[in-house]
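*Asks:* mind folding the following:
(2 chains)
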There are 2 protein chains.
Amino acid sequence: MTITVEVTSKVAAPSRTKIIDSDVHPWINGDIKGLMPYLSTAWQRRFEGSKSTLPDHPLRPPLAGATSIRRDTKPPGGGAGGSDPEFMLEDHLDRYDIEYAVLSSIQAGKLATLPNTDEAITLARAFNDYFMNEWLTVDSRYRLAMCVAAHDPLAAAEEIRRIGNEEGVVAVFIPLLNTLMGNRHYYPIYRAAEEHGLPVLIHPTGTEGGFQTSVAFAGGIPSTYIERHTVFPEIAMASITSMVFEGVFVRFPGLKVVAAEFGYSWVPHMLWRMDQNWREFRREVPWIEREPSSYVLDHVRFTSQPAEEPEKDEYLLQILEMVHADRTMVFSTDYPHWDTDSPKSTFRRVPEQMRWRIFYDNAAELYGLATPARV
Amino acid sequence: MTITVEVTSKVAAPSRTKIIDSDVHPWINGDIKGLMPYLSTAWQRRFEGSKSTLPDHPLRPPLAGATSIRRDTKPPGGGAGGSDPEFMLEDHLDRYDIEYAVLSSIQAGKLATLPNTDEAITLARAFNDYFMNEWLTVDSRYRLAMCVAAHDPLAAAEEIRRIGNEEGVVAVFIPLLNTLMGNRHYYPIYRAAEEHGLPVLIHPTGTEGGFQTSVAFAGGIPSTYIERHTVFPEIAMASITSMVFEGVFVRFPGLKVVAAEFGYSWVPHMLWRMDQNWREFRREVPWIEREPSSYVLDHVRFTSQPAEEPEKDEYLLQILEMVHADRTMVFSTDYPHWDTDSPKSTFRRVPEQMRWRIFYDNAAELYGLATPARV
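*Replies:* Coordinates of the predicted model:
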């Protein structure tokens, strides 16, 4: 049997595709010590007395050095991989001629593990000030996904209003609590993000399933990193389904979501299943005005990394079409993490017709970045 | 661009495909009252005094009558749809010329909600005796997925040894607790199932995410039935990933698993992601001797219902190939539930080369049922 797949986009691809990298992770030089200049004296004393590092998950990748950061990204001047903005320019942005890199801090993701709300709010603010001062000032190619502590959604909204209009702030990273994203708890954050034209970003932060307060996996606690890393998509599946059916995108029609690093070949199933259920059960969710999948296509973006590696190359093309990658996918590397995808390897795997959309246009629209002339 | 998919099976399809239905739900006539003859006097008194029905999930499908059972399956003599074995023969097995129907009780699935272990063990035994006496005796086309209370794995193993060799018992239905299936808690059940050549069956039972003891969804509690039904795959994804990486199939090489009613187009992502992670992190799970996906293909079977409904017909064929449906899929109807798939509609959607495998052979091998002469 022969199955013919027509890729419908007719846009002529240029010889040179510009790049926005939607998932780059800077590291705070010195962990909590690096944040000290951004904390009040009272808070400095509190952290000095009680904590020397941010919490970490008990399951770590079994890599050399037991860190998730590539050893070759270590700055020559010392410090952890990803901790030197000048070296990252050279090692990553210059090397691949990246126009913009959207920074999100995995360390900020640990906020979700903190049982103390005041600590979480204070640290979120310090994280944001750190990256605005130490990174955004270095090069205008750096853009920041500011973080918020979802523990207190009103305080989180206030933080968005404090810095959401700053040049260089392009998204709001929400380290997830164990409350589904459709829950009204998050509404003040969504309202503030929408008002500022900032997409909200979710990301596996290394805290899933391991702490009382942060988001849990289905069915229990994985016992190895390899298992934990395999089931990350559950979090995005649960979060997006919840947002759609709770009507978040009806209530906040300008809100966008970036699901970074959760993969994407599970997405077609979710889209079809949503629509199938809606045909049967729409009266349970009368606020949903059109096919649920259409909200996902309009409001949710998935990152290209980690690259899917199917058994056959043609499966990837089929999946990209099923997931409407020309609308929903934004390129990402996950630099400096162990499973970084280079722009070159992704470039080869993506059909020519989709390249501009995936490598640049979708992200430019999402983050409100200038669209360059196509040379 | 044209993508060519070669379907490799060369088996000539016969004009007439025989059918095994792997997911049929009988109902106990009279709820707990119907079980009374199968309980001791002491237990009869306890249930009469404390409970008139089995627990039910707070989120029910918004269908007429608020039940998940099709109204047209109600027996003419009265009682709930699915409660009369004679009528089910006529209404379902005879109508579609089904060779075998594997019965699993959704009511037994509620066992996972019971906080009292003795109650759960006692009810599991009563359920099994009920169906062996009231159903298996009626027609040899009926086969039973006996149930166990996973609360006490040693008692569950004992129950398997009590009736696992009975004619007509072909599987062990495990209503899932909120403990991942790779956890050693379940080993005694797996050992007993393997010894008896019985696959273990998991199924969304209507208890997910709604009770303290039963399996929870990722990230929090869905608030509508449509959302709950959309995220069922999380449970299977978590369960299978856990079994694979914990090495359950290395420890129990004869064990098979049926993931009934969880869909399947999310499966390729899980397979690819497992293998990708294994290439990087195999030293964390040294007991895994070969590609993790190969354990899934060898040990796990997925049901055809609910039928996936992609935007384009060709996507279904692509997904069936990606999921290796010729090895991993068993046909099912989910009769008498609201979303029953008729054999005819599934037949039309499955490529001819895979039909025998999906409609009969895979299930015959799985349950140890006789393979009929191909006429």
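*Asks:* now do the residue nearest the centre of chain A against A:P76, distance only.
*Replies:* The centre of chain A sits closest to A:A260, judged by CA atoms, centre = their mean, with a distance of 3.4 Å. For A:A260, the distance to A:P76 equals 28 Å [CB to CB, to the nearest Å]. Every residue, glycine included, has its C-beta placed from N, CA and C.
*Asks:* swap in A:D84?
*Replies:* Distance, A:D84 to A:P76, by CB to CB: 9 Å.
*Asks:* neighbour-wise, which of these two wins?
*Replies:* The residue with more neighbours, out of A:D84 and A:P76, is A:D84; 23 against 9, by other CB atoms under 10 Å in any protein chain shown.
*Asks:* my read is that A:P188 contacts A:L154, right?
*Replies:* Yes. Applying CB atoms under 8 Å as the test, A:P188 and A:L154 come out as touching, 5.3 Å apart.
*Asks:* my guess is A:N128 meets A:C147, correct?
*Replies:* Yes. A:N128 lies in contact with A:C147 (CB under 8 Å); the separation is 6.4 Å.
*Asks:* those two: who's more crowded?
*Replies:* A:C147 (28 against 25).
*Asks:* show me the contacts for that one.
*Replies:* A:C147 makes contact with A:104-105, A:108-109, A:111, A:124, A:127-128, A:172-175 under the criterion CB atoms under 8 Å, 6 or more residues apart in numbering or on different chains.
*Asks:* what's in contact with whichever strand or helix holds A:R46?
*Replies:* A:R46 is part of helix A:41-50, with elements assigned from DSSP states H and E. The contact list for helix A:41-50, computed with CB under 8 Å, 6+ apart, reads A:32, A:35-36, A:39, A:119, A:122, A:126.
*Asks:* can you select the buried ones among those residues for me in PyMOL?
*Replies:* Buried subset of the contacts of helix A:41-50, written as a PyMOL selection, criterion 16 or more other CB atoms under 10 Å in any protein chain shown:
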select buried, chain A and resi 32+35+39+119+122+126
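*Asks:* tell me which of the contacts of helix A:41-50 fall in helices.
*Replies:* A:32, A:35, A:119, A:122, A:126 (DSSP state H).
*Asks:* quick revisit: of A:P188 and A:L154, which one has the most company?
*Replies:* The residue with more neighbours, out of A:P188 and A:L154, is A:P188; 17 against 10, by other CB under 10 Å.
*Asks:* which SS state does that one fall under?
*Replies:* Here A:P188 is recorded as helix under DSSP: H, G, I helix; E, B strand; the rest coil.
*Asks:* now do the contacts for it.
*Replies:* A:153-154, A:156-157.
*Asks:* 10 Å - rerun?
*Replies:* A:152-158, A:160 (CB atoms under 10 Å, 6 or more residues apart in numbering or on different chains).
*Asks:* for A:P75, give me its contacts.
*Replies:* A:P75 sits next to A:27, A:29, A:81-88, A:90-91 when contact means CB under 10 Å, 6+ apart.
*Asks:* and the helix-or-strand element of chain A with minimal mean pLDDT, how far from the chain's centre?
*Replies:* Using mean pLDDT, DSSP states H and E, helix A:41-50 stands out as the lowest-scoring helix or strand of chain A, at a mean of 86. Its chain's C-alpha centre and that of helix A:41-50 lie 30 Å apart, by CA atoms, centre = their mean, to the nearest Å.
*Asks:* buried residues, it. List them.
*Replies:* For helix A:41-50, by 16+ other CB under 10 Å, it's A:43, A:46-47.
*Asks:* tell me the spacing between A:D118 and B:G206.
*Replies:* 41 Å.
*Asks:* so between those two, which is more surrounded?
*Replies:* B:G206 (23 against 14).
*Asks:* OK, contacts around that one?
*Replies:* B:G206 neighbours (CB under 10 Å, 6+ apart): B:55-57, B:59-61, B:68, B:106-107, B:109-110, B:112-113, B:175, B:214, B:225, B:228.
*Asks:* that one: what secondary structure?
*Replies:* Applying three-state DSSP: B:G206 is coil.
*Asks:* could you report the pLDDT at it?
*Replies:* Listed pLDDT for B:G206 reads 82.
*Asks:* gap between it and B:P55?
*Replies:* Taken as CB to CB, the span from B:G206 to B:P55 is 9 Å.
*Asks:* now check the host helix or strand of A:R161, is it near chain B?
*Replies:* For A:R161, the element it lies in under DSSP H and E is helix A:153-163. No. Helix A:153-163 lies out of reach of chain B by CB under 10 Å from any CB of the partner chain, never closer than 14.8 Å.
*Asks:* can you list the residues that contact that helix?
*Replies:* Under CB under 10 Å, 6+ apart, the answer for helix A:153-163 is A:117-118, A:120-122, A:124-125, A:128-129, A:132, A:144, A:146-150, A:152, A:164, A:169, A:172, A:174, A:183-196, A:198, A:200.
*Asks:* the very next helix or strand once past that helix to helix A:153-163, inter-axis angle?
*Replies:* Going down the chain from helix A:153-163, the next helix or strand is strand A:169-173, by DSSP H and E. Relative orientation of strand A:169-173 and helix A:153-163, computed by axes from the mean of the first three to the mean of the last three CA atoms, to 10 degrees: 170 degrees.
*Asks:* ok now strand A:169-173, how far from the chain's centre?
*Replies:* Centroid displacement of strand A:169-173 relative to its chain, using CA atoms, centre = their mean, is 10 Å.
*Asks:* what ranges does the stretch 151-300 of chain A have for its strands?
*Replies:* A:169-173, A:200-202, A:257-259, A:300-303 (DSSP state E, counting those that start in this stretch).
*Asks:* what's the end-to-end length of stretch A:237-255?
*Replies:* Taking CA to CA, to the nearest Å, stretch A:237-255 runs 18 Å from one end to the other.
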